[in-house]
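> for reference, the sequence and a predicted model appear below.
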Amino acid sequence: MPTSFKNFLKLHKVSLTLAVLSFVFYYTFAYHLPRTDFIKLFTLFVALFFFCFKLIQFEKHNFRFLLGIGIIFRLVFLFAEPNLSQDFYRFIWDGHLVANGNNPYLHTPDELMQNMVSIIPNAQELYDGIGSLSARHYSNYPPLNQLIFALATILGGKSLFGSLFAMRSIIILADIGIFYFGRRLLKNLNRSPHLIFWYFINPLVIVELTGNLHFEGVMLFFFILSMFLLSIDKWKTAAMVIACSISIKLVPLLFLPIFLKYLGWKKSIVFYSIIGITSIALFLPFNTPEFIDNYGRTLKLWFSNFEFNSSLYNLAKKTAVHFDAKPWEFIKEYGKITPLITVITVGLFTFFPKKYDLNRVLWSMMWVLTIYYFISTTIHPWYIIFLVLLSIFTSYRYAIIWSAAVVFSYYAYSQADFKESLWLLGIEYISVFGYLTYEIVAHRNKK
């Protein structure tokens, strides 16, 4: 055995032990975890976060080591079927529709099962996996996401596993891209490049993106690439790239007004025009008279029908019910207020700061998204990942705490009726709000 390798083993034996344990725990997570077993899920998740913290603490300047294990942890899931989410069935369903030249925004799975089921391979298995809730609604995934679904089904052929393998490969490549451009962006903003590992080896990121095939990672790749391009003054190209991010998930739409003060009025007009033209070009292949109505109705459901892992909404609902309000009526009224609060929040962070550099832009984005999440009725665990990535470009770390504490929301997966435990959600949000308050006070004291 070469002396240099022996020395490496000797110097890094604790980190290597943590990496091996993490590998074993991720393997267990991927192949031996029923989502109804909350105790096992919770134990694995907490342990993986502890290992993540110690690995970054011990090896934060050993980029090759942390990059390598981050990729290996993702490859563990390569042959696994997602066990915490059934969304992938809808991804494959939509992908087959698009690959066969059909518009996924025009018909619900319920309608297609009656009339056009022959165009979708494994239709019955996919339909059963989608579930009754998704099956009665039109697709809500933006156009570039649909094209990626189609690419995955083309690469995977008629094989369900083949499509899963293709989607997972795309998501892993996107995460590597986030690492590469995120690290370069940190350097450009005079921040420590090791901070990217709070994203790259974060267990929530690995489990929910690579493991459960959520495409937030692809959206974040385009987003972080656009921020990097802005940092080197290639703002026109950045506009096209951020339009691609929006066409994966709509969340970056929240941030568009914030660029106004950063770019100035003249550049902003061109910037927004490029985003608009690129977005229209991506939506154009799917545009029909019914498209806007169907898509709008589907999006509206997120504000007025669904609720999961919410914080302020749960408090407001409990208070309203105490005064005899009907829960199903209250969520609809609350859904009307949420967009108004969001618009006001974005406006304040657009015009309130006197000086805007890219650091301030990312800081404002973090706060806008934080407030939006705090008032939302639905916060799935993978939503927090965007906040984690934004936070590493600031001096705030409450999003990392949230990415660990969100494990309490998984309790609902263990219940047949997906009933949440308000006590566990209370622990989650007390942790988040408590640490956030501590950080705000600490920052004020420094100033």
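Happy to help now that I have it.
> how about residue 394: what's its closest non-neighbour residue?
residue 363 (5.1 Å; CB to CB, 6 or more residues apart in numbering). Where you see a C-beta, it was placed from the backbone N, CA and C, and this is true even at glycine.
> just residue 279 next, same as before
Counting by CB to CB, 6+ apart, the residue nearest residue 279 is residue 243, at 4.8 Å.
> swap in residue 176?
residue 71 (7.0 Å).
> and what of residue 320?
In space, residue 320 is closest to residue 330, 4.8 Å off (CB to CB, 6+ apart).
> quick one: contacts of the host helix or strand of that neighbour?
Using DSSP states H and E, residue 330 falls within helix 327-351. Outside helix 327-351, the residues that touch it by CB atoms under 8 Å, 6 or more residues apart in numbering are 254-255, 257-258, 260-261, 300, 303-305, 307, 313, 316-317, 320-321, 364, 367-368, 371-372, 375-377.
> run through the stretch 301-447 of the chain and note the low-pLDDT ranges.
301-305, 447 (pLDDT under 70).
> which residues of it fall in helices?
In the stretch 301-447 of the chain, the segments counted as helices under DSSP state H, counting those that start in this stretch are 312-322, 327-351, 358-375, 384-391, 398-405, 422-446.
> residues touching the first one, excluding its own?
The reference is to helix 312-322. Contacts for helix 312-322 (CB under 8 Å, 6+ apart): 307, 325, 327, 330-331, 334, 374-377, 422, 425.
> and that helix, what's buried?
312-314, 316-317, 320 (16 or more other CB atoms under 10 Å).
> which pair of the contacts of helix 312-322 spans the longest distance?
325 and 374 (20.8 Å; CB to CB).
> more neighbours: these two, which one.
residue 374 (17 against 14; other CB atoms under 10 Å).
> ok, which pair from the buried residues of helix 312-322 is furthest apart?
312 and 320 (12.2 Å).
> any idea how far residue 289 is from residue 150?
Distance from residue 150 to residue 289, counting by CB to CB, to the nearest Å: 23 Å.
> the more surrounded of these two?
Higher neighbour count among residue 150 and residue 289: residue 150, with 19 against 6, using other CB under 10 Å.
> residue 98 is in contact with that one, correct?
Yes - in this structure, residue 150 is within contact of residue 98 by CB atoms under 8 Å, at 3.8 Å.
> follow-up on the earlier one: any chance of the helices of the stretch 301-447 of the chain in TSV, with distance to residue 139 too?
TSV is the format used below for the helices of the stretch 301-447 of the chain (distance: least, CB to CB, whole Å):
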stretch	distance to residue 139
helix 312-322	25
helix 327-351	21
helix 358-375	23
helix 384-391	21
helix 398-405	28
helix 422-446	29
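> which positions within the strand or helix carrying residue 25 qualify as buried?
Using DSSP H and E, residue 25 sits in helix 13-31. Neighbour counts over helix 13-31 (16+ other CB under 10 Å) mark 15-16, 18-19, 22-23, 25-26, 29-30 as buried.
> same deal with stretch 135-149?
135, 137-149.
> which two of these have the greatest separation?
Across the buried residues of stretch 135-149 (CB to CB), the longest gap, 23.6 Å, separates 135 and 144.
> what's the separation between the residue nearest to residue 320 and residue 375?
14 Å.
> same check, this time on residue 66
35 Å.
> likewise for residue 49?
26 Å.
> do residue 295 as well
According to CB to CB, residue 295 and residue 375 sit 23 Å apart.
> same thing with residue 277?
32 Å.
> comparing the two, which residue is more hemmed in?
Neighbour totals were compared for residue 277 and residue 375, and residue 375 leads with 19 against 13 (other CB under 10 Å).
> residues in contact with residue 401?
431-432, 435.
> between those, which is nearest residue 121?
Nearest to residue 121 among those, with distances taken as CB to CB, is residue 432, at 42.8 Å.
> tally of neighbours for that closest one?
Residue 432, neighbours per other CB under 10 Å, totals 23.
> distance check, it against residue 438.
Taking CB to CB, one finds residue 432 at 11 Å from residue 438.
> in this model residue 357 seems to touch residue 262, though I could be wrong.
Yes - between residue 262 and residue 357 there is a contact at 7.4 Å, judged by CB under 8 Å.
> for the two, indicate the residue with more neighbours.
residue 262 (20 against 12).
> the more buried one: what's it in contact with?
Applying CB under 8 Å, 6+ apart, the residues near residue 262 are 356-358, 360-361.
> farthest pair in those residues?
Spanning the widest gap among the contacts of residue 262 are 356 and 358, at 8.4 Å by CB to CB.
> coming back round to it: which stretch of helix or strand covers the residue nearest to residue 176?
Going by DSSP H and E, residue 71 is part of helix 63-75.
> helix or strand right after that helix?
Following helix 63-75 in sequence, per DSSP H and E, is helix 87-99.
> ok, the closest residue to residue 227 other than its chain neighbours - contacts?
Leaving aside its sequence neighbours, residue 227 sits nearest to residue 185 (CB to CB, 6+ apart; 5.8 Å). By CB under 8 Å, 6+ apart, the residues touching residue 185 are 224, 227-228, 231, 393.
> related to what we said a few turns ago, and the gap between the residue nearest to residue 394 and residue 393?
8 Å.
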